[in-house]
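**Student:** Just a sequence and a predicted model for now, questions to come.
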There are 2 protein chains.
Amino acid sequence: MQLKSQVEWALHCCAILSGLPEGRYLPTKDLAELHGVPKEYLSKALQAVSQAKLVESTLGPSGGYRLAKAPKDISFLDIVEAVEGKAPTFACTEIRGNNPCRTGGKADCDDKPCAIARVMWEADKAWRDKLRGVSLADLVKTLEHDIPPKLWKKTGEWVLART
Amino acid sequence: MQLKSQVEWALHCCAILSGLPEGRYLPTKDLAELHGVPKEYLSKALQAVSQAKLVESTLGPSGGYRLAKAPKDISFLDIVEAVEGKAPTFACTEIRGNNPCRTGGKADCDDKPCAIARVMWEADKAWRDKLRGVSLADLVKTLEHDIPPKLWKKTGEWVLART
DNA sequence: CATATTAAGGATATTAAATATCCTCATGGA
DNA sequence: TCCATGAGGATATTTAATATCCTTAATATG
């Protein structure tokens, strides 16, 4: 079980968009070049993030993407779910229903979801809760510490020149 | 991103094996019938669980599988990782390294893993911690409450007759 | 000992999902 | 008007999941 590579791309793109000056847009082409990923396919990820209303776009020259909300109001979970969907990672196919000892169809039990699924879904919830607890603002704060000041500045200028 | 259906099967099978009397084995054929899943493919899941030393097998008539440890010493995580592997669900491909503004190769930063990956891995850890916290013994306790006594008993007899 | 039963594991086929590219369209800035 | 852009549909291509089949070695039972 692996998250799509588009999740990684979307997160990195949102991090970059967090640094954009008010009112500017950065096009897919440059986001793709900055991260070394195929432009056309990255575009699909950005469309998903756009449909989730996390970013907004505009057309034409000087068009592209920008965040639709403040970085503090966009969580990792928002972005992950925009790309991966909200379906739980564990899909219960109700194989308990195939038990040949069962007689009474629905009446036999099944008022509750399967106990195994409940455990798996709790773990899924713990995962999502963690992701919900980290915002793009938190990420940017961390990146400012991680990335060498020279590279940080240079990248900011590279991006700005393309908005 | 979806866990393999084999994870669900392996969990249900281990739940059944938890109820086996000391020294008895239950073959794949019956585990497959009980859950309504293809025997040959279920066999692959059981092989994985066996390689992880959670269950042990024996050959020949009256052969099959049994738990290799007490139910309280086998966690959901053990079983999930036996089938899915231990690799984190988020794979960092280091796309930060593709930033054209970078000059100094490794020297430019990268002493730490990427900040985005760190967050994703923390969430992955939260997921695994939850799964690690629930044992087969816990599951059986829950199932005893969930499943109608008549079905519980009947299933136990069905299984016993095949060991 | 002979036979039937079983798990292990390799080989291979089938299906579904992820990855990737291409094309058309409508929009908007220069 | 012209060009750059995102949206979105169509369609490969690649990889992973699902599934089946076959051979081998072990072992209980008659």
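**Tutor:** In hand now; what should we look at?

**Student:** Any regions of chain A where pLDDT drops low?
**Tutor:** Flagging of chain A using pLDDT under 70 yields the residue ranges A:104-109.

**Student:** where do the helices sit along it?
**Tutor:** A:5-18, A:28-35, A:39-51, A:76-84, A:115-132, A:136-146, A:149-160 (DSSP state H).

**Student:** elements contacting the fourth one?
**Tutor:** Think helix A:76-84. Applying 3 or more CB pairs under 8 Å, 6 or more residues apart in numbering or on different chains; DSSP states H and E, one finds that helix A:76-84 contacts helix A:5-18, helix A:39-51, helix A:115-132, helix B:115-132. C-beta: built from backbone N, CA, C; applies to glycine.

**Student:** Pull the contacting residues for A:L3.
**Tutor:** Contacts for A:L3 were tallied using CB atoms under 8 Å, 6 or more residues apart in numbering or on different chains; they are A:V80, A:E84, B:M1, B:T89, B:F90, B:A91, B:M120.

**Student:** circling back to that earlier point, so for DNA strand D, which of the helices and strands packed on helix A:76-84 sits nearest?
**Tutor:** DNA strand D lies closest, by CB to the nearest atom of the strand, to one member of the helices and strands packed on helix A:76-84: helix A:39-51, at 3.8 Å.

**Student:** re the thing from before, near DNA strand C, list only the ones from the contacts of A:L3.
**Tutor:** B:M1 (CB under 7 Å from any atom of the strand).

**Student:** between the contacts of A:L3, which is nearest DNA strand C?
**Tutor:** B:M1 (5.6 Å).

**Student:** need the contact list for the closest one.
**Tutor:** Neighbouring residues of B:M1 by CB under 8 Å, 6+ apart: A:M1, A:Q2, A:L3, A:K4, A:E84, A:T89, B:T89.

**Student:** which of those sit farthest apart?
**Tutor:** Checked with CB to CB, the contacts of B:M1 reach their widest spread between A:K4 and A:T89, with 12.7 Å between them.

**Student:** re the thing from before, so which of the contacts of B:M1 comes closest to DNA strand D?
**Tutor:** A:M1 (5.5 Å).

**Student:** which bits of chain A sit near DNA strand D?
**Tutor:** So chain A meets DNA strand D at A:1-2, A:25, A:27-29, A:40, A:43, A:46-47, A:50-51, A:57-61, A:63-65 (CB under 7 Å from any atom of the strand).

**Student:** thinking again about what came up before, can you turn the buried part of the contacts of A:L3 into a ChimeraX selection?
**Tutor:** The ChimeraX selection below is limited to those of the contacts of A:L3 classed as buried (16 or more other CB atoms under 10 Å in any protein chain shown):
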select /A:80,84 /B:1,89,90,120
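
**Student:** out of the helices and strands packed on helix A:76-84, deepest packed?
**Tutor:** For those, the largest average neighbour count (mean count of other CB atoms under 10 Å in any protein chain shown) is found in helix A:5-18, namely a mean of 22.

**Student:** Now that helix - C-alpha only, PDB.
**Tutor:** The C-alpha trace of helix A:5-18 is given here as PDB (Å, rounded to 0.1, in the frame of the first residue of the first chain):
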ATOM      1  CA  SER A   5       3.400  10.100  -5.900                       C
ATOM      2  CA  GLN A   6       0.900  12.900  -6.700                       C
ATOM      3  CA  VAL A   7       0.400  13.300  -3.000                       C
ATOM      4  CA  GLU A   8       4.100  14.100  -2.600                       C
ATOM      5  CA  TRP A   9       3.900  16.500  -5.500                       C
ATOM      6  CA  ALA A  10       0.800  18.300  -4.300                       C
ATOM      7  CA  LEU A  11       2.300  18.800  -0.800                       C
ATOM      8  CA  HIS A  12       5.500  20.300  -2.300                       C
ATOM      9  CA  CYS A  13       3.500  22.500  -4.600                       C
ATOM     10  CA  CYS A  14       1.300  23.800  -1.800                       C
ATOM     11  CA  ALA A  15       4.400  24.600   0.200                       C
ATOM     12  CA  ILE A  16       5.700  26.700  -2.700                       C
ATOM     13  CA  LEU A  17       2.400  28.400  -3.200                       C
ATOM     14  CA  SER A  18       2.500  29.300   0.500                       C
END
